[in-house]
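Visitor: What follows is a predicted protein model with its sequence.
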Amino acid sequence: MIAKADILTFINDVLKRSETAAQVAVPIQTVLNDLSNYDFLTETDTGQSLADGGLTLNYPTDFKGLVSIVLIDSSSVRQAPLKPLPGGHKEYRELRDNDSTTGEPEWYSEFDEKFWLWRPAGGTYTTEIEHYRFHPQDVDTILFGDEFRNAIYFGAAYFVALKYGLSRYIDIWGSLYEREKEMRRLNIWEQPHIIRG
């Protein structure tokens, strides 16, 4: 686990500073935000349910992008992952305007931080929403695993050097951070994409 205290020790050592935890909180959060721009963090939200006639599911906390939505019916049978409507939310609205019957949801559109399901649920379901997420605005609980230790250390040193205009350290830690970030990006395991056709 990567701890804020360890990052602080690293920063003070390599930059020859005497920063406090409060003084480095913003640079550390900046690194976490920057790393969150990549699909490094994933999560599965199982906390939402769908009532009979239900139309929507909310974006999970710190939602960045969807991997899949699976509905589990009242008999614990997992349905096939929902598919995005080809025409997006405009198509969803057209379908809803012309048909109000319920059934097994098979499709979804995204609008206003919600997933809109087509058809409306003809029963009750629990949900499993796998997604990419942003890091929360909290430097006390770092979600990145140990493989990100160097990236976070180097990035924090870089952003502290920027904060104080420490030009002799900016180039060093900036380039090390970019290299380490690229190493993490190259090591992302990607699910093969299956084209239906």
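Guide: Perfect, I can see it now. All of these numbers come straight from a predicted model, not from anything done at the bench. Numbers count the residues shown, from 1 in each chain.

Visitor: drop to CA atoms for contacts and neighbour counts, all remaining ones
Guide: Will do.

Visitor: how does this protein divide into domains?
Guide: The chain breaks down by automatic domain parsing into domains covering 4-39+135-186, 42-133.

Visitor: Adding mean neighbour count and mean pLDDT, write those domains out as CSV.
Guide: Shown next, in CSV, are the domains of the chain (neighbours: other Cα atoms under 10 Å; pLDDT from 0 to 100):
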stretch, mean neighbour count, mean pLDDT
domain 4-39+135-186, 17, 97
domain 42-133, 17, 96
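
Visitor: any residues touching the longest strand belonging to the chain, and which ones?
Guide: Ranked by number of residues, the top strand in the chain under DSSP state E is strand 63-73. Outside strand 63-73, the residues that touch it by Cα atoms under 8 Å, 6 or more residues apart in numbering are 78-82, 123-134.

Visitor: Give me the most central residue, the chain.
Guide: The centroid of the chain falls nearest to Arg133 when counting by Cα atoms, centre = their mean (0.9 Å).

Visitor: need the contact list for that residue.
Guide: Contacts of Arg133 by Cα under 8 Å, 6+ apart are Ser36, Asp39, Leu41, Thr42, Glu43, Thr61, Asp62, Phe63, Lys64, Gly65.

Visitor: Widest-spaced pair of these?
Guide: The distance between the two most remote of the contacts of Arg133 (Cα to Cα) is 15.4 Å, for Asp39 and Thr61.

Visitor: just to revisit the earlier point, what bridges to the residue nearest to the centre of the chain?
Guide: Phe63 (DSSP bridges).

Visitor: From what I see, Ile188 and Thr42 are in contact.
Guide: No - assessed by Cα atoms under 8 Å, Ile188 is found out of contact with Thr42, at 11.3 Å.

Visitor: Now do the end-to-end distance for stretch 137-150.
Guide: End-to-end distance of stretch 137-150 (Cα to Cα, to the nearest Å): 20 Å.

Visitor: ah, wrong one, I meant stretch 60-79
Guide: 20 Å.

Visitor: I'd like the distance from that stretch to the chain centre, please.
Guide: Centre-to-centre, stretch 60-79 and its host chain are 15 Å apart (Cα atoms, centre = their mean, to the nearest Å).
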